[in-house]
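Chemist: build me a structure from this.
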Amino acid sequence: MEENKRFVCHSCKFSSAYHYYGTKPNFAKNIILMEDSYLCKDPFSTEGGFITLGSHCSMCQLSVCCSMECSLFYTKRFCIDCVKSKIGKFPQEIQQEISRKT
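Modeler: Reported below is the predicted structural model:
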């Protein structure tokens with residue numbers, strides 16, 4: 001793995017090396033992701049498994065991990081800060097989920 005390929009979450013500062021960024025990882029040929037994502041190969045899988053580290057917020061473009069404290073996926077990836085700033089634009093269920101977290 002190249003040393004300069006490093007994912008860092010803007011929100012929690014989680015950091016990890018990654019193998020691939022995009023929607024069609026060459027090591028998991030039958031998979032097409034719904035968003036460009038940072039992936040690392042699962043070291044415990046012999047079947048081409050992978051771990052999704054994160055992506056970019058579709059509003060502010062900052063990189064965020066998949067932790068529920070940092071982002072959510074609702075048709076696109078959103079960082080929690082952008083969700084909170086535009087909370088009225090999201091469905092009631094998501095508004096309630098976010099209000100329980102804060």
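
Chemist: how about the helices in this structure?
Modeler: 80-85, 92-101 (DSSP state H).

Chemist: what's the most buried one of the ones you listed?
Modeler: The highest mean neighbour count among the helices of the chain, using mean count of other Cβ atoms under 10 Å, belongs to helix 80-85: a mean of 17. Every residue, glycine included, has its C-beta placed from N, CA and C.

Chemist: for that one, packing partners?
Modeler: With contacts defined as 3 or more Cβ pairs under 8 Å, 6 or more residues apart in numbering; DSSP states H and E, helix 80-85 has these neighbours: strand 71-74, helix 92-101.

Chemist: residue 16 is nearest to which of those?
Modeler: Among the helices and strands packed on helix 80-85, strand 71-74 comes nearest to residue 16, with 15.3 Å by Cβ to Cβ.

Chemist: what strands line up against that closest one, and which way round?
Modeler: strand 76-79 (antiparallel) (DSSP bridges).

Chemist: pull out the buried positions in the partner strand.
Modeler: By neighbour count with 16 or more other Cβ atoms under 10 Å, strand 76-79 contains the buried residues 77, 78, 79.

Chemist: cool, stretch 40-52 as well?
Modeler: For stretch 40-52, burial by neighbour count (16+ other Cβ under 10 Å) applies to 40, 41, 50, 51.
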